[in-house]
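Chemist: just a sequence and a predicted model for now, questions to come.
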Amino acid sequence: MSIAPIITFKAGICDVDSSSRPYKIKASPRPGYIFIYSDDDLFHFCWRERSAPLDQAELDLFIVPTDGHFVPYDAESQPSEATKPNARVFVLKFNSSSQRYLFYLQSKPQGRNGDPRWFSPRDLKIGDIVDRLLQGEDVDITHELASIVNSDDDRRGDDNDETMEDVEGQGDTNEPHGGTGGAGPGATGGDVREEGEGSREGGADGARAASSGATDAAAAVRNFLQSLQGSANAGASQGEGKLYPLLSDLLTPPVTVPMARLATEEQVDNLLSFLPPAVLVLSQQADGGDTTAEPTAAAIQAAKEAMSLGQKKALLEKVLRSPQFHQSLASLTMAIRDGGLPSIADALSIKVENGGYLRGSQMPLGGGDAVEAFVEGVKKTVQK
């Protein structure tokens, strides 16, 4: 598939250390790019090293419009004991999930007296453009950026901000460029969970992306969610109803991975049947093979036969730990909460109470009530 970024800019990714409390964040020194591209009605938010090809992003998250937000990290609102980031940090967060991804800008900082934490008007505009794109807005990026003048109260005039391929959103940005600017590897610190609303433990395992093959594991859910776009808003007018955990909070790696490890071969094969065939075939190709061609039935069968039980379980564990899997669960939760329960339950052959509608009406259940009905329906379907 051809990838045409809508916007690309220089940014580094932050690693999250969840081994102790409070959680710590540390900036990776690797030069990188954030870029966004559209695939049908969904957006891909990606990060890759500058030396990596465009189609080999280390982080590739697909985002349902209005679910994601890209906002500056507000160090001033954090508790006094929290270490303040020594960089211009943006946070990618979601309405449907407790996951957080942190990035720091690698263009030359333009703060007063070289303050690495000061966001220039251009920095803030880039963040605003990304946030609006994630809301599904049509943004004239060239016009928006042309209206920005990076100036400061100290009358420095032009702040010589690095000209970035970064915000052109056209052409292939595979070529490496000069120094990273911005922060070094020890630039940030503090508790990632303290940004915005309180975070839950569920997303802790997904702080970093898995290999590019795991991205394909989300394809089935992504295609399914696309089919729900027409009906997803049907129950949006309903209130939030009761509070109920997200699917991504219920199906965390500490819950799912032990189940995969203890599964019988028959159970493992059944689970593998739900993965996109390309994932099975690519897992047996050391060189990655042709990722664009649809695997043949013979190739799929050969891949299954070539895998030992241990390899099959390792593949399942890799998928269950991947950020893409947890983002898919969060997106599925959002679709259920927003009125898609009847269509989802019917497509998955899950028997939910009253077909997913409010009793005595044709209004779909929404909010936490819908998620609870879905989970209870899964339980009953399995028991039968």
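Modeler: Arrived safely.
Chemist: quickly find the element holding the residue nearest to F325 when sequence neighbours are not counted.
Modeler: Closest residue in space to F325, ignoring its immediate chain neighbours: V319 at 5.6 Å, by CB to CB, 6 or more residues apart in numbering. All C-beta atoms are positioned from the backbone trio N, CA, C, and that covers glycine. Per DSSP states H and E, V319 falls inside helix 309-321.
Chemist: cool, and T333?
Modeler: In the assignment (DSSP H and E), T333 maps to helix 323-335.
Chemist: then that helix to CSV, C-alphas only?
Modeler: The C-alpha trace of helix 323-335 is given here as CSV (Å, rounded to 0.1, in the frame of the first residue of the first chain):
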residue,chain,number,x,y,z
PRO,A,323,0.1,-1.6,21.4
GLN,A,324,-1.9,-2.1,18.2
PHE,A,325,-3.9,-4.9,19.9
HIS,A,326,-4.7,-2.7,22.9
GLN,A,327,-5.6,0.2,20.7
SER,A,328,-7.9,-2.0,18.7
LEU,A,329,-9.7,-3.1,21.9
ALA,A,330,-10.0,0.6,23.0
SER,A,331,-11.4,1.5,19.6
LEU,A,332,-13.9,-1.4,19.7
THR,A,333,-15.0,-0.2,23.2
MET,A,334,-15.6,3.2,21.7
ALA,A,335,-17.7,1.8,18.9
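Chemist: quick check: what element follows that helix along the chain?
Modeler: Following helix 323-335 in sequence, per DSSP H and E, is helix 341-347.
Chemist: would you mark the buried spots in that following helix?
Modeler: Residues of helix 341-347 classed as buried: L341, P342, S343, I344, A345 (neighbour count, 16 or more other CB atoms under 10 Å).
Chemist: how much space between the residue lying closest to the fourth one once chain neighbours are set aside and K242?
Modeler: Going back to what we said before, that points to I344. Using CB to CB, 6+ apart and skipping the chain neighbours, the partner closest in space to I344 is I336 (6.0 Å). As judged by CB to CB, to the nearest Å, I336 and K242 stand 14 Å apart.
Chemist: same check, this time on I36
Modeler: 35 Å.
Chemist: rewinding a little: pLDDT of the helix holding T333, averaged?
Modeler: In this model, helix 323-335 has a mean pLDDT of 83.
Chemist: just stretch 264-273 next, same as before
Modeler: 87.
Chemist: which residues make contact with that stretch from outside it?
Modeler: For stretch 264-273, the surrounding residues in contact (CB atoms under 8 Å, 6 or more residues apart in numbering) are A260, A263, L280, K304, L309, K312, K313, L315, L316.
Chemist: confidence score at F119?
Modeler: At F119, pLDDT is 89.
Chemist: now do the contacts for the residue nearest to it when sequence neighbours are not counted.
Modeler: The spatial neighbour of F119 that comes closest, neighbours along the chain excluded (CB to CB, 6+ apart), is R88 at 5.5 Å. By CB under 8 Å, 6+ apart, the contact set of R88 is P72, Y104, L105, P109, P116, R117, W118, F119, D123, G182, A183.
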